[in-house]
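[1] Prediction below, plus the sequence it came from.
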Amino acid sequence: MARFWLPGQEEALADLAAGEWSARLEVPLSVNGATVTGVFRLKLQELDPGAGLFRLYVTDICRRTWLEQPAGVLGDAARFAGLPTPGVGWDSLGLGCIDLDTFVELTAMATTWLADACASLIAEQPCELLCTHFHAIDSFYHLCSAKLDESVTPDPDERRRYEAAEIAVYQQLDHAVGHILAAVDAPALTVLVSDHGATPAGSPVPLQRILADAGLLTAEDRGGRDLADIDWERTLASPQGSCYVRLNIAGRERHGIVPIGSVERVRQRVIQAMLAYRDAATGRCPFSLVIPKEEAVGLGLYGAGVGDVVYAVHEEFADEHGRILPQATRAAGDWGMRALCLFSGYGVRSGHVVEDPVWLTDVAPTICQALGIPRPLQAEGMPISQLFVG
Ligand SMILES: [Zn+2]
């Protein structure tokens with residue numbers, strides 16, 4: 001057993017045995033001149049009294065105030081179980097500060113708190129539409145999908161540990177959905193959309209180096225995967241976000257050097273350099289698609305935020321998501337971007353399965369059709385008419 005105090009306080013915060021969580025603890029914090037309550041928990045991860053050593057995990061220090069708009073609509077947030085931890089254990093597990101079990105305990109705290117808050121809003125406030133997002137499964141797949149895949153994690157015992165954690169996170173989410181639905185009096189239209197799918201991260205494509213080798217990008221090579229300190233005065237194009245290359249166009253970019261008259265020529269150089277590249281280990285071109293942005297409208301990519309060249313990679317070069325095409329799948333295992341979408345209530349056919357592809361942008365128009373209200377003028381998708389009787 002170990003006892004923990006805050007500096008300057010008489011009373012101990014918690015007495016903890018190894019592996020034990022504290023109750024929720026409170027600490028006064030000064031924020032912009034106001035005193036607010038910070039809420040957190042401690043977990044004593046390891047204790048070695050003989051050596052005088054311990055490893056203590058402190059959760060995010062969460063706030064209970066300023067969480068909502070209009071102010072006060074949540075009521076007393078101290079009554080909700082769990083913790084409104086914003087990170088859902090992401091950094092802590094990614095940095096190796098906590099083990100898998102502790103991560104699953106943290107996702108439970110975050111999910112429980114949000115479900116409790118949603119159920120209270122439904123029960124206590126006039127509520128026509130409740131929309132919420134649980135992030136735990138996204139964190140899980142980003143951090144752990146490689147541990148579920150046989151090709152990356154051959155040890156069956158290790159895979160089984162992660163499979164059990166995956167199921168535990170789904171059970172938490174299932175419980176949260178049930179808790180929210182139980183708070184609804186009248187029959188409601190319920191729409192459940194899963195997180196995007198995931199693929200275990202493969203070998204990354206060194207796009208900066210591809211552009212640098214083609215004389216399109218100038219930066220310092222410090223030996224890492226990415227180059228450092230891009231010299232914008234001597235760079236014609238650089239990677240942008242997950243799946244774009246952006247040209248350094250004069251008049252558009254802060255240090256733009258590509259004259260308007262040369263944009264198409266430079267863009268073709270970028271596309272050719274990418275298509276000509278071969279992965280050293282496989283001899284394969286990692287890119288499944290490299291096109292000018294104007295041709296990417298059919299992928300739903302358009303507008304000023306989209307880079308001048310749009311690309312996608314084959315699944316073995318992908319991250320968890322963002323760089324592979326939505327319908328690409330990994331041959332081994334059941335990995336891909338496919339998502340689950342469930343509709344229930346309000347004239348939705350019971351047990352009907354829509355086999356055709358539908359899109360996230362179809363959800364809002366479908367809700368409008370079910371409720372008999374006009375869909376927003378800005379809605380890009382279409383109602384999923386097959387869902388409804390008649
Ligand atoms: Zn994600």
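    Nice, I can see it.

[2] Show me the domain layout of the protein.
    Using automatic domain parsing, the domain parsing of the chain gives 1-58, 207-330, 341-387.

[3] Find the helix or strand that Tyr139 is a member of.
    Small correction: residue 139 is Ser, not Tyr. Applying DSSP states H and E as the criterion places Ser139 in helix 136-148.

[4] Okay, helices next: where are they in the stretch 101-250 of the chain?
    136-148, 156-182, 207-213 (DSSP state H, counting those that start in this stretch).

[5] circling back to that earlier point, tell me which of the domains of the chain approaches Leu121 most closely.
    Leu121 lies closest to domain 341-387 among these, at 18.4 Å (C-beta to C-beta). (C-beta placed from N, C-alpha, C; glycine too.)

[6] re the thing from before, single out the most deeply packed of the helices of the stretch 101-250 of the chain.
    Using mean count of other C-beta atoms under 10 Å, the stretch among the helices of the stretch 101-250 of the chain with the greatest mean number of neighbours is helix 136-148 (a mean of 21).

[7] ok and that one relative to helix 156-182, angle-wise?
    160 degrees (axes from the mean of the first three to the mean of the last three C-alpha atoms, to 10 degrees).

[8] Who are the packing partners of helix 136-148?
    Where contact means 3 or more C-beta pairs under 8 Å, 6 or more residues apart in numbering; DSSP states H and E, helix 136-148 is packed against helix 90-94, helix 100-124, helix 156-182.

[9] The longest one packs against which elements?
    Looking back up the chat, that one is helix 156-182. By 3+ C-beta pairs under 8 Å, 6+ apart, helix 156-182 packs against helix 100-124, helix 136-148.

[10] What's the mean pLDDT across it?
    Taken as a whole, helix 156-182 carries a mean pLDDT of 97.

[11] Check the second one too.
    Taken as a whole, helix 100-124 carries a mean pLDDT of 96.

[12] Check the first one too.
    Model confidence over helix 90-94 averages 89 on the pLDDT scale.

[13] neighbouring contacts of that helix?
    For helix 90-94, the external contacting residues (C-beta atoms under 8 Å, 6 or more residues apart in numbering) are Tyr57, Cys97, Ile98, Leu100, Thr102, Phe103, Leu106, Ser139, His142, Leu143.

[14] so where's the protein uncertain?
    For the chain, the stretches with pLDDT under 70 are 331-333, 390.

[15] Would you mark the buried spots in stretch 288-295?
    Using 16 or more other C-beta atoms under 10 Å as the test for burial, stretch 288-295 gives Ser288, Leu289, Val290, Lys293.

[16] what do you get for stretch 353-371?
    Here stretch 353-371 shows Val358, Asp362, Val363, Ala364, Pro365, Thr366, Ile367, Gln369, Ala370 as buried, counting by 16+ other C-beta under 10 Å.
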